[in-house]
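Asker: Sequence first, then the predicted structure:
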Amino acid sequence: MNRNPINPLQWHSAVGVARQVCARVFRDGGSAADAVAAFGLPRPESISWSKAVEAIAERLCTRELQKVA
């Protein structure tokens, strides 16, 4: 992932939100793939929680960039 155009503060906030979302999905019995799919990303066959957090954070940041453009 290329985080160069993303503000570091925005990335830090997005990672925090992504961790909360993943924790809720885990608490409710879901998998990391379920958490990723909840954000409209392609559902991978197998993904670790850390990769899911990064993918969700990236999606949150790119959404913000798309709104600005």
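Answerer: Received, thanks. Numbering: from 1, shown residues only.
Asker: Count residues in the vicinity of residue 51, would you?
Answerer: For residue 51, the neighbour count with other CB atoms under 10 Å is 13. In this view, the C-beta of every residue, glycine as well, is placed from N, C-alpha and C.
Asker: can you give me the end-to-end distance of stretch 21-38?
Answerer: 10 Å (CA to CA, to the nearest Å).
Asker: So for it, what gets flagged as buried?
Answerer: 21-22, 25, 32-33, 35-37 (16 or more other CB atoms under 10 Å).
Asker: show me where pLDDT drops low in the chain?
Answerer: Along the chain, the model assigns pLDDT under 70 to residues 1-4, 63-69.
Asker: At the geometric centre of it, which residue do we find?
Answerer: residue 56 (0.9 Å; CA atoms, centre = their mean).
Asker: So it is in contact with residue 18, correct?
Answerer: Yes - at 3.8 Å, residue 56 and residue 18 qualify as touching, with contact defined as CB atoms under 8 Å.
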